[in-house]
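Engineer: This is a predicted model, with the sequence first.
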Amino acid sequence: MNKTVLKTKELLDLFLDCERLTLPEMVERLRMPKTSVYRMAQSLVALGFLQKRGDHYELGLALLTFGSLVAERLDIRRVALPVMERLKEATNEAVNLVIRDGDEALYIEKVETSEPVRVYTKVGRRAPLYAGACPRALLAFMDEKEQARYLERAKLVKIAKNTVTDKQALRRQLEEDRERGYTVSYSELENYSAAVAVPILNHEGAAVAGLSVAGPEQRFLPDDVARIVPLLRQAAMEISRELGFQGKGWK
């Protein structure tokens, strides 16, 4: 294991028992050269993992961000899984749960269909936010300013035959998705696959996850989508309520 990383972890561990520490106090507890401890501490300050107030160091806000994300993601999986299992029984299709990780969607939970013909996805899979119903649910219901910044920097790469690679077309699609309150995709991430997705909202009303029902295109005709959407919305709202959402949701 990398010794520098281990020493840095030892330094951060000091703050499990101590709210504030001076440089001499850290040196004494770590039994390391003062210059080494100083360099590590200053690097952690620069990264936001520590902050310095006068002669004392304390934990920084970056750790709060990471801690909140971990807690939120674990809560979503725990809360969502039984709801996803019921949704799978109601639709007889695969159900996926994604969260945002930077400019990508990360699949963190899946309930597989019992149908012999199915769409390939797995926990841990990543996809760009612009492609596929479930990732695009995160993008469509993102804060509008943040969405605009993403669209400015994103490079749209063709993944399957219907992947949207034109930014103006994508903007129109996102407006339509947001207006109707759900997303639909056909052959955007994988040829001959289809999905319908809705956002999951947290206590602040922000879209923190996407929930989708997915399967082969031939099982997602307009009548199928019309049948799935109310079930999907109900499931997403149930999860959102468990996360503290009190509003009426999208549509």
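Structural biologist: Cool, the structure landed.
Engineer: and residue 80, how many neighbours?
Structural biologist: 25 (other CB atoms under 10 Å). (C-beta placed from N, C-alpha, C; glycine too.)
Engineer: could you dump stretch 134-150 to CSV, C-alpha only?
Structural biologist: Provided in CSV are the C-alpha atoms of stretch 134-150 (Å, rounded to 0.1, in the frame of the first residue of the first chain):
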residue,chain,number,x,y,z
CYS,A,134,-32.3,6.7,-16.8
PRO,A,135,-29.2,8.8,-17.1
ARG,A,136,-31.1,11.4,-19.0
ALA,A,137,-33.6,11.7,-16.2
LEU,A,138,-30.8,13.0,-14.0
LEU,A,139,-29.9,15.6,-16.7
ALA,A,140,-33.4,16.6,-17.6
PHE,A,141,-34.3,17.4,-14.0
MET,A,142,-31.0,18.9,-13.0
ASP,A,143,-30.8,22.5,-11.9
GLU,A,144,-31.1,24.6,-15.1
LYS,A,145,-27.9,26.5,-14.7
GLU,A,146,-26.0,23.3,-13.9
GLN,A,147,-27.5,21.6,-16.9
ALA,A,148,-26.5,24.5,-19.1
ARG,A,149,-22.9,24.2,-17.9
TYR,A,150,-22.9,20.5,-18.5
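Engineer: what's the single longest helix in this structure?
Structural biologist: Determined from DSSP state H, the single longest helix within the chain is helix 61-91.
Engineer: Would you mark the buried spots in it?
Structural biologist: 73, 75-77, 79-81, 83-84, 86-88, 90-91 (16 or more other CB atoms under 10 Å).
Engineer: can you check stretch 44-55 too?
Structural biologist: Buried, per 16+ other CB under 10 Å, within stretch 44-55: 44, 49-50.
Engineer: Filter the residues you listed down to just the ones in strands.
Structural biologist: residue 50 (DSSP state E).
Engineer: quick check, nearest of the buried residues of stretch 44-55 to residue 143?
Structural biologist: Here the nearest of the buried residues of stretch 44-55 to residue 143, counting by CB to CB, is residue 49; it sits at 25.8 Å.
Engineer: hmm, back to that, how about the buried residues of helix 61-91 in TSV, adding pLDDT?
Structural biologist: Converted to TSV, the buried residues of helix 61-91 look like this (pLDDT from 0 to 100):
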residue	pLDDT
73	69
75	78
76	87
77	89
79	90
80	94
81	94
83	96
84	96
86	96
87	97
88	95
90	95
91	94
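Engineer: Let's have those residues in a markdown table, adding distance to residue 145.
Structural biologist: Shown next, in a markdown table, are those (distance: CB to CB, whole Å):
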| residue | distance to residue 145 |
| --- | --- |
| 73 | 24 |
| 75 | 26 |
| 76 | 24 |
| 77 | 29 |
| 79 | 29 |
| 80 | 28 |
| 81 | 33 |
| 83 | 31 |
| 84 | 31 |
| 86 | 36 |
| 87 | 32 |
| 88 | 36 |
| 90 | 36 |
| 91 | 35 |
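Engineer: Thanks a lot, see you next time.
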